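Engineer: Task: produce atomic coordinates for the following.
(chains A, B and C)
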Amino acid sequence: MTRPLLHISDLRKHFGGVKAIQGVSLDVFPNELVCVIGANGAGKSTLLNMVCGVSRCDGGEISFDGIRLSGSPAFRFARAGILRKFQVPSVFPSLTVEENLVVSAETSGKAAALSNLPDLMARLGLDAHAGRVAGELAHGLKQWLELGLCLVHEPKLLLLDEPTAGMTREESTRTALLVKELSRTCTTIVVEHDMSFVGNLDCRTCVMHQGQLIRDGKLDEIRNDSFIRDIYLGHH
Amino acid sequence: MDTLPLTILTALSLISILILISVGMAIIFGMMNVINLAHGEFVMLGAYVAVIAAQIGGFWLALAIAPLLGAGFGILLESTIIRLLYRRPIDTIIATLGVSLVVQKLVELWFGSSPYSVMNPLPGLVDVFGTPYPLYRIFVIGCAAAVLLLGMIAYRSTNFGLNLRAAIQDPEMARAMGVDVAATYRIAFGLGAGLAALAGVLVAPLTSIFPGMGLAYLIRSFFVVIVGGTGSIGGVLAGSAFIGFFESFFSFRLGGAFPQAIVLALAIIVVRLRPKGLVSG
Amino acid sequence: MSSESTRPAHGRMALTVGIGVAFLAAYPLWGTVYGMSIVQDALILGIFALSLDLLWGKGGLPSFGHAAFFGLGGYAYAIVSMQLGNEWGPLAGLVAALAICALAGAILGVFLLTAGIRGALFLIVTVAIVQIFHQVAISWSSLTGGDNGIVGLPPLGLRSLSEHAVLDTPAKRYFAVLLIAAAALLLLDRLCRGRFGRRLAAVVDNEPRALTLGINPSLELTKTLVLSTTIAGFAGTLFVASAGVVVPEFIGPLFSIEVVVWVLIGGRGTLIGPFVGTFVVWRLSQEVSSYDPRLWQLAIGSFFVLSVFLLPRGIASLRGDAARALFSRVARAVRP
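Structural biologist: Residues are numbered from 1 along each chain as shown, chains lettered A, B, ... in the order given. As a prediction, this is how the structure comes out:
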């Protein structure tokens, strides 16, 4: 039995009086692909914020690769290998596409990152846009660029926050294929809303509800769970 | 240590002045997020009105006129410049800096750069807890307290106060409910300016008056709002108490500019430790 | 790795600087001693403007109190060199000035930047800081000479090294400052085009993204601040060492506003823009002030106010894009 890559234990977070995360525990193993679903406000994004270090924990702990990370500033999480793709694509708008990736490569501490850039850009369909200022890119391309910023680091854990938001059906399918391919070499946690995308991924699925992790298992089981159908799938 | 009661009493008059100046700053900067680098000039103008009034022969006249003039100038400033720049903080800073420079120089051209002084209109000492204390300072404290009380009552019970609270909390919602948000901002700005001008009149007999005197009050009022905490009158009180007390305290022991320097350093430390201020709104 | 960039390459900057240096080096052939001292002062003040453009234009941190560091360097030089009084005075003074300004920047960085204080709040603190420094310079007369400042400052150099290694003639000062200014401009430009500059640009552009990519934004901004305060202090040292005197005006709020004007008019963020802008605006202020010193402040004040109406996007937002676009259009016309 291998040691979990990401170990979350009894995580808690509150904003004022609101308990956003109430005792979430989760173990994710190397090369796993995990999907986290849940209604709006269930705590999915907050959970992701804490796993990448942007939000401090009010209780519980997060360990990654055997090292306790909770309480550290966010850049330590990134340097440990946890990279996050945001829900609204977050890139460096006044730098060009190429400069964006170069900055990320230089920060990654990975010797080959810079020389691998042309390959990466081609793979993500960005090479044609290398000189364009990132702020001017169309939404979909920004998503790819942001993914590129993360991949440059050769992450050990990739956190994707609603990766298909704003994408067309065709882009969405392409993304599902990419995510599945990525997860073969890189542990991935995907937070998603789009159930057909989740269906495409067909992986271990966790359900968040009111700050708690209420289900964790195969997608089929989740789909057939009447409680889940009532409180989540029924909302849509 | 019998200088402590005296320190506290002296501090109270400074605190009162700071409260008057900072209420305007609290609304403008604390709640509307507008940085007005010309706020100190309202104080300066109030002081010069006192100078003129004293020459005509009536300090008390200044108490009535200065706030009106200050409010008028504030409304003018808001309706011509500030209004255009609500979402552009750096531009507001630059524009109001420009106004500050122009006003200072115009005053200098008119009055000259040599300092003026205004005679104490209420000379004499009063026994307070066994310590002789200047009557005028008691007047200043009383005046500030009265104005503050009036202001709080108005804020809570008038239509304008209600409109202001709504406009600050959620301008869109307030607009949808029929509140003339633009006019409310304008009046609030004017009120803040008027209060600062009043403070200028009150402080005139206590200090030397020169065109650049506003800067020190500008900085103090910013820190009152930042240290005290934006978003509440309690913040203004706490901040004014902090800045006013420590400045008075150090003034007893050190001369020159060191008291101000130390207090500002303390304020920066507080800002660092509690970026939301002493009293969270 | 090629880059289809609209920014002038470092090579073009070097060429421009080279031409400028050549021109100014030849200037003494036809210029007067007075003219040379004007150019020299403008060059030193240009370095000061560079320090602010680094902090504000590149680092996104507005400072309306930057004379605090210019003056801190000047006073440190004055006090240390006069205290020592011997031939080591100037060198020790220079080292002291640089060290103290760097330390001040570091303390501020650790105190403010790590707390996430940016933008307008940072600006207010800088206004307060220059006010503090100014008041201290005026009050602590036993140390600073009060209102009158300190006179009789020794020129920079080291007499024990060689009789000639001291900047005691106008010609030596002129050429030394020319070289230093050119070096400062080129080095800063290089720095901002390299790893450090890219990283800083990322932090300024999107701090949360930089943070989650493993960059420590507070550290990068603190490095920028320390570099900026040190360069400002260096400019201050050069200025007082050649003027022979330091006065509270050098560490005051008004002078801090002046340098803001130079940076804004020159084109915030372009480095060379503020450098050139200093010369133009500073000369203009000298001319206007010779009629009536109060006129200049009125002029700047009015300019600030009018700029709000005439430049709808505001002067602060003029990040030299217009200058850059023009430059690249010219460059493209030159290259077939």
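Engineer: How far does the longest helix along chain A sit from its chain's centre?
Structural biologist: Taking residue count as the measure and DSSP state H as the definition, the longest helix of chain A comes out as helix A:169-185. In terms of Cα atoms, centre = their mean, to the nearest Å, the centre of helix A:169-185 is set 13 Å apart from its chain centre.
Engineer: That one packs against which elements?
Structural biologist: Helices and strands in packing contact with helix A:169-185 are listed as strand A:33-38, helix A:139-151, strand A:187-191, helix A:195-201; criterion 3 or more Cβ pairs under 8 Å, 6 or more residues apart in numbering or on different chains; DSSP states H and E. Backbone N, C-alpha and C define where each C-beta goes, glycine included.
Engineer: what comes into contact with the shortest one?
Structural biologist: Here strand A:187-191 makes contact (Cβ atoms under 8 Å, 6 or more residues apart in numbering or on different chains) with A:5-6, A:28-37, A:44-45, A:47-48, A:51, A:156-163, A:179, A:182, A:198, A:201.
Engineer: Going by neighbour count, which of these are buried?
Structural biologist: A:5-6, A:28, A:32-37, A:44-45, A:47-48, A:51, A:156-163, A:179, A:182, A:198, A:201 (16 or more other Cβ atoms under 10 Å in any protein chain shown).
Engineer: what mean pLDDT does stretch C:16-27 have?
Structural biologist: Averaged over stretch C:16-27, pLDDT sits at 89.
Engineer: what does that stretch contact?
Structural biologist: The contact list for stretch C:16-27, computed with Cβ under 8 Å, 6+ apart, reads C:35-36, C:39, C:43, C:175, C:178-179, C:182, C:185-186, C:272.
Engineer: Extract the CA atoms of that stretch and return them as PDB.
Structural biologist: Backbone C-alpha positions of stretch C:16-27 (Å, rounded to 0.1, in the frame of the first residue of the first chain) are rendered in PDB as follows:
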ATOM      1  CA  THR C  16      20.600  55.400 -27.800                       C
ATOM      2  CA  VAL C  17      22.600  55.700 -24.600                       C
ATOM      3  CA  GLY C  18      25.800  55.500 -26.500                       C
ATOM      4  CA  ILE C  19      24.800  58.300 -28.800                       C
ATOM      5  CA  GLY C  20      23.700  60.400 -25.800                       C
ATOM      6  CA  VAL C  21      27.000  59.800 -24.100                       C
ATOM      7  CA  ALA C  22      29.000  60.700 -27.100                       C
ATOM      8  CA  PHE C  23      27.000  63.900 -27.600                       C
ATOM      9  CA  LEU C  24      27.300  64.900 -23.900                       C
ATOM     10  CA  ALA C  25      31.000  64.000 -23.800                       C
ATOM     11  CA  ALA C  26      31.600  66.400 -26.700                       C
ATOM     12  CA  TYR C  27      29.500  69.100 -25.100                       C
END
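Engineer: which parts of that stretch are buried?
Structural biologist: By neighbour count, and taking 16+ other Cβ under 10 Å as the criterion, the buried residues in stretch C:16-27 are C:16-17, C:20-21, C:24.
Engineer: need the residues of chain A near chain B, please.
Structural biologist: On the criterion Cβ under 8 Å from any Cβ of the partner chain, chain B has no neighbours in chain A.
Engineer: so where is chain A shaky, pLDDT-wise?
Structural biologist: Counting by pLDDT under 70, chain A contains low-confidence ranges at A:1, A:231-236.
Engineer: can you do 80?
Structural biologist: Across chain A, the stretches falling below the confidence threshold (pLDDT under 80) are A:1-2, A:16, A:40-41, A:165-167, A:227-236.
Engineer: how does it divide into domains?
Structural biologist: Chain A breaks down by automatic domain parsing into domains covering A:1-81+A:156-236, A:91-154.
Engineer: quick one: the first one to chain centroid distance?
Structural biologist: Averaging C-alpha coordinates over domain A:1-81+A:156-236 and over its chain gives two centres that are 7 Å apart (Cα atoms, centre = their mean).
Engineer: For stretch B:76-92, buried residues please.
Structural biologist: Residues of stretch B:76-92 classed as buried under the neighbour-count rule (16+ other Cβ under 10 Å) are B:77-79, B:81-82, B:85, B:88-92.
Engineer: Any idea how far apart the tips of that stretch sit?
Structural biologist: Using Cα to Cα, to the nearest Å, the gap from the first to the last residue of stretch B:76-92 comes to 15 Å.
Engineer: Let me see the backbone angles for the residue of chain A found nearest chain B.
Structural biologist: At 10.8 Å from chain B, residue A:16 is the closest residue in chain A, using Cβ to the nearest Cβ. With angles defined as degrees, to the nearest 10, residue A:16 shows backbone torsions of phi 60, psi -120.
Engineer: okay, the residue of the stretch 51-200 of chain B found nearest chain C: pLDDT?
Structural biologist: Using Cβ to the nearest Cβ, the point where the stretch 51-200 of chain B gets nearest to chain C is residue B:98, with a distance of 2.8 Å. For residue B:98, the model assigns a pLDDT of 93.
Engineer: Where does the nearest residue to it once chain neighbours are set aside fall, secondary structure wise?
Structural biologist: In this structure, residue B:98 finds its nearest non-sequential neighbour in residue C:304, 2.8 Å apart by Cβ to Cβ, 6 or more residues apart in numbering or on different chains. Under the criterion of DSSP states H and E, residue C:304 resides in helix C:293-310.
Engineer: if I've got this straight, residue A:213 is in a strand?
Structural biologist: Yes: assigned with DSSP: H, G, I helix; E, B strand; the rest coil, residue A:213 falls within a strand.
Engineer: Tally up the residues packed near it, please.
Structural biologist: Using other Cβ atoms under 10 Å in any protein chain shown, the number of residues around residue A:213 comes to 22.
Engineer: List the contacts of it.
Structural biologist: With contact taken as Cβ under 8 Å, 6+ apart, residue A:213 is in contact with A:24-26, A:206-207.
Engineer: Mind doing that once more with 10 Å?
Structural biologist: Shown here is residue A:213, whose contacts under the criterion Cβ atoms under 10 Å, 6 or more residues apart in numbering or on different chains are A:8, A:11, A:21-26, A:36, A:38, A:42-43, A:47, A:206-207.
Engineer: in what helix or strand does the residue of chain A found nearest chain C lie?
Structural biologist: Chain A approaches chain C most closely through residue A:131 (3.1 Å), counting by Cβ to the nearest Cβ. With secondary structure defined by DSSP H and E, residue A:131 is part of neither a helix nor a strand.
Engineer: Fine by me, thanks again.
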